[in-house]
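> I'll drop the sequence and a predicted model, then ask my questions.
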Amino acid sequence: MVATPDTAAQVREMTDEKYKYGFVTDIEVETAPKGLNEDIVRFISKKKNEPSWLLDWRLKAYRHWLKMPEPAWQKPNFPAIDYQDSFYYSAPKSAADKPQSLDEVDPELLKTYEKLGIPLREQEMLAGVAVDAVFDSVSVATTFKSKLEEVGVIFCPISEAVQRCPDLVRQYLGSVVPYTDNKHACLNSAVFTDGSFVYIPKGVRCPMELSTYFRINAENTGQFERTLIIAADDSYVSYLEGCTAPMRDENQLHAAVVELVTLDNAEIKYSTVQNWYPGDENGKGGIFNFVTKRGACRGHNSKISWTQVETGSAVTWKYPSCILQGDNSVGEFFSIAITNNFQQADTGTKMIHLGRNTSSKIISKGISAGRSDQTYRGLVRMGPKAQDARNYTQCDSLLIGNQCGAHTVPYIESKNKKAIVEHEATTSKINEDQLFYLRQRGIDDESAIALVVNGFCREVLQQLPMEFAVEAQKLVSISLEGSVG
Amino acid sequence: MLHIKGLHVSVDDTEILKGIDLIIKSGETHAIMGPNGSGKSTLGYALAGRDGYEVTRGEILFKDHDLIEMSPEDRAGAGIFLAFQYPVEIPGVPNTTFLKEALNSVRRYRGEEELDAMEFVKIVREKTKELGIPDDMLKRPVNVGFSGGEKKRNEVLQMAVLNPALAILDETDSGLDIDALKVVANGVNTLRSPERATLVITHYQRLLEHIVPDFVHVLAKGKIQCSGGKELALELEEKGYAEFAQAAE
């Protein structure tokens, strides 16, 4: 991660911009009452000044949601969610409500920031500190913006995209993940408040990783985030979501939707680091992270690659998937999931091969420690027209201690005799010999575990954008703290 | 430097070492010889502090530290190095990453400044050159896919980098052909110094032709049965262990 002392300045700059648009001026009346009903959906849509087609879509989703059952096939157990006990729209906190300095922030959080090597200014931003008013440095964010505009890339909050390029949004929103897909995605469709929109025009290779920008923007990421990325013919973009630093967040339920579309010869590389609050060491609290992520390789020779590092949340329910429609299209899924204490994760992917000669690769590394429980759940489907399609799946689980669980549930469906599916899976316990060897060389037990686990994850860590990989490695170590003994 | 007094060690409630006394001084090389199951490797593990090797009686003093109270990593920091009979593979962790982590851990323990990547590379390059170890060994994951000889040379490299006060070589000759044995022995000899002591644990006299000890001890049935100079190894080779074991009864 690019670590500049200017980051907070960029944040400020962007906040200022919001002021310009009068976004925050009427903050007092921006919080909708608790609970969920059609009026809330209308309220959100009105706040966002949305066209009627979008309101209609939200309402259809809401009405469908009322009838939908909760998914029940996942392994994790958790209490039923009381949807009426949440707020579905609240404006950002005003400066007066925020911590006024890092002194007012939970010291545990600060300790983690320190270990991750996050600069002070960014710590303030991440911890939600009301940032000082005076910054004179040049805004990196503005530089980004003009650089992107030069090549015609659209990168903005999705609510802004609805105003700026409604046709594009209308054409693609819900086209990969329809609101009928599952209960969580359906709820998101009804009440999403923000998220990102990216459009890469034909023939453009996005001149930068859309990552630093996102981290700056992270304050916008909310409970019901909606992201839509479209890569037109012959284009490329690498997008990084999330952040290694744990974020302050009081919302328990997170139900995000991400939709990706690649047209002919286009490629999207989407990386995620998820480090939401996992609950304490007794399993109290923590985020429920129920995410629907799916990409459609609509064009020939197009490619979608998911890389995820999942270390946070009390319960994770997430299957970033690829629909390989275009001939010769490629789907990839690289995943590291770490669970400790009482965390539960049910995660994996779906690779749906529809086009000829499509190929997919799944590399999943699951590490369970403490009393946590983890499931890899993956579907590989070869459609009748998926002539010569190939899939390779490698699924490795590592157990630390003897009170955790790891499960692998692969589903393979092949309707084409000329398609090839390969699946390899291993489960191992962290090895006493390895730990003693490392300790004999002076490395303490926690560092020894971190080293072994980082080695175990190496194939996936290598997929992350360079500057991010270093932080991710540290994150792996931090996530496993306290797992020894 | 090392003073072992009346050491008893049990593994899974079975007593393996039944009263070992041994004094090793700086600059000395000692060899422990003995038949299979005599407790040779147990002695190495007990010195290194492996879990499950329980000291039931006796004392181990190392440079005035009470070793028994210390964790394996602290013992390593204090200067104990065990070259393993079967070096362990750590998939996905490049040898350099491991070496740097180890060296900096040990330096932290010794109150020395940690080295940055540049300083570290300089030291490692020096050592690989001195020991004639090819650089590609540094990039490969720790011991993964290494031949028997490469694994043992990697142990010697680690020893060179960590610069311990006491090096314990556990059956370093096992699994090596004669050429590989010579290379490894040369490596060990290169590292001999007046500040360092070496404890060689071996079955065969063969290794001691290349790493010549000052003292030889015969370990059988959990006790040191007799001690002598390097000529004792030759005598052993001739007569076998049986005689020494019997003498003990």
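Received, thanks.
> Which one of the residues in chain A is closest to chain B?
For chain A and chain B, the shortest gap (C-beta to the nearest C-beta) falls at residue A:455, measuring 3.1 Å. Where you see a C-beta, it was placed from the backbone N, CA and C, and this is true even at glycine.
> What is the neighbour count of that residue?
22 (other C-beta atoms under 10 Å in any protein chain shown).
> Surely it and residue B:141 touch.
Yes. Between residue A:455 and residue B:141 there is a contact at 6.8 Å, judged by C-beta atoms under 8 Å.
> and for these two, which residues touch both?
B:90-93 (C-beta atoms under 8 Å, 6 or more residues apart in numbering or on different chains).
> So which of those are in helices?
Judged by DSSP state H, the shared contacts of residue A:455 and residue B:141 include no members of helices.
> which of these come close to chain A?
Contacts with chain A within these, counted by C-beta under 8 Å from any C-beta of the partner chain: B:90-93.
> Make JSON lines out of those and add pLDDT and neighbour count.
Putting these into JSON lines (pLDDT from 0 to 100; neighbours: other C-beta atoms under 10 Å in any protein chain shown) gives the following:
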{"residue": "B:90", "pLDDT": "94", "neighbour count": "25"}
{"residue": "B:91", "pLDDT": "92", "neighbour count": "14"}
{"residue": "B:92", "pLDDT": "93", "neighbour count": "20"}
{"residue": "B:93", "pLDDT": "94", "neighbour count": "24"}
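> Name the member of the residues you listed with the shortest distance to residue A:53.
residue B:92 (50.1 Å; C-beta to C-beta).
> isn't the closest one right up against residue A:451?
No. Proximity of residue B:92 to residue A:451 does not meet the contact threshold set by C-beta under 8 Å, at 9.4 Å.
> Nearest spatial neighbour of residue A:362, chain-adjacent residues omitted?
Counting by C-beta to C-beta, 6 or more residues apart in numbering or on different chains, residue A:393 is the residue found nearest to residue A:362 once chain neighbours are left out, at 4.2 Å.
> Tell me how far stretch A:68-83 lies from the chain's centre.
Its chain's C-alpha centre and that of stretch A:68-83 lie 20 Å apart, by C-alpha atoms, centre = their mean, to the nearest Å.
> Next, count neighbours for residue A:184.
Neighbour count for residue A:184, taken as other C-beta under 10 Å: 26.
> got it, and residue A:72?
Applying other C-beta under 10 Å, we find 5 residues neighbouring residue A:72.
> Figure out the helix or strand that it lives in.
Assigned by DSSP states H and E, residue A:72 falls within no helix or strand.
> mind listing what it touches?
By C-beta under 8 Å, 6+ apart, residue A:72 has no neighbours at all.
> quick one, phi psi at residue 33?
You didn't pick a chain, so chain A it is. Phi and psi for residue A:33, reported as degrees, to the nearest 10, are phi -60, psi 160.
> should've been chain B
Here is the backbone geometry of residue B:33 (degrees, to the nearest 10): phi -120, psi 150.
> now the strands for chain B?
Taking DSSP state E, the strands of chain B run over residues B:2-11, B:14-24, B:29-33, B:53-62, B:65-66, B:80-83, B:90-94, B:141-142, B:166-170, B:197-202, B:215-220, B:223-228.
> Out of these, flag the one nearest residue A:159.
Among the strands of chain B, the nearest to residue A:159 by C-beta to C-beta is strand B:90-94 (42.5 Å).
> Name the nearest residue to whichever residue of chain B sits closest to chain A, sequence neighbours excluded.
Closest to chain A within chain B is residue B:92: 3.1 Å, counting by C-beta to the nearest C-beta. Nearest residue to residue B:92 in three dimensions, chain neighbours excluded: residue A:455, at 3.1 Å (C-beta to C-beta, 6+ apart).
> tell me the contacts of that neighbour?
By C-beta under 8 Å, 6+ apart, the neighbours of residue A:455 are B:90-93, B:141.
> ok, residue A:62 - how many residues close by?
For residue A:62, the neighbour count with other C-beta under 10 Å is 21.
> For it, give its distance to residue A:183.
12 Å (C-beta to C-beta, to the nearest Å).
> Using the three-state scheme, assign the nearest residue to residue A:341 once chain neighbours are set aside.
Nearest in space to residue A:341, with sequence neighbours left out and distances taken as C-beta to C-beta, 6+ apart, is residue A:370 at 4.3 Å. Here residue A:370 is recorded as coil under DSSP: H, G, I helix; E, B strand; the rest coil.
> I'd guessed residue B:173 sits against residue B:180; true?
No. Using C-beta under 8 Å, residue B:173 is not in contact with residue B:180; the gap is 9.2 Å.
> higher neighbour count, the two?
residue B:173 (23 against 18).
> Let me see the confidence value for the residue nearest to residue A:362.
The score at residue A:393 is 96. That number is its pLDDT.
> Kindly report the same for residue A:12.
So residue A:12 comes in at 39 (pLDDT).
> Equivalent analysis for residue B:46, please.
Residue B:46 carries a pLDDT value of 96.
> Same question for the one 3 residues further on.
Model confidence at residue B:49, expressed as pLDDT, equals 95.
> Next up, the contacts around it.
Residue B:49 makes contact with B:67, B:70-72, B:75 under the criterion C-beta under 8 Å, 6+ apart.
> could you dump these to a markdown table with distance to residue B:148?
Formatted as a markdown table, the contacts of residue B:49 follow (distance: C-beta to C-beta, whole Å):
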| residue | distance to residue B:148 |
| --- | --- |
| B:67 | 30 |
| B:70 | 31 |
| B:71 | 30 |
| B:72 | 25 |
| B:75 | 27 |
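> Which ones among the residues you listed lie within helices?
B:72, B:75.
> Report how many residues lie close to the closest residue to residue B:90 other than its chain neighbours.
Leaving aside its chain neighbours, residue B:90 sits nearest to residue B:142 (4.0 Å; criterion: C-beta to C-beta, 6+ apart). For residue B:142, the count of nearby residues is 28 (other C-beta under 10 Å).
> Residue A:378: which element?
Taking DSSP H and E as the definition, residue A:378 sits inside strand A:373-382.
> Average pLDDT for that strand, rounded please.
Averaging pLDDT residue by residue across strand A:373-382 gives 95.
> For it, C-alpha coordinates in PDB please.
Extracted in PDB, the C-alpha atoms of strand A:373-382 (Å, rounded to 0.1, in the frame of the first residue of the first chain):
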ATOM      1  CA  ASP A 373     -14.600 -23.600  11.800                       C
ATOM      2  CA  GLN A 374     -14.000 -23.300   8.100                       C
ATOM      3  CA  THR A 375     -15.600 -24.700   5.000                       C
ATOM      4  CA  TYR A 376     -14.400 -24.500   1.400                       C
ATOM      5  CA  ARG A 377     -17.500 -24.800  -0.800                       C
ATOM      6  CA  GLY A 378     -16.900 -24.800  -4.500                       C
ATOM      7  CA  LEU A 379     -18.900 -25.500  -7.600                       C
ATOM      8  CA  VAL A 380     -17.500 -26.300 -11.000                       C
ATOM      9  CA  ARG A 381     -20.100 -26.700 -13.700                       C
ATOM     10  CA  MET A 382     -19.400 -27.700 -17.300                       C
END
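> before we move on, the earlier item: considering the contacts of residue A:455, which is situated nearest to residue B:120?
residue B:93 (15.4 Å).
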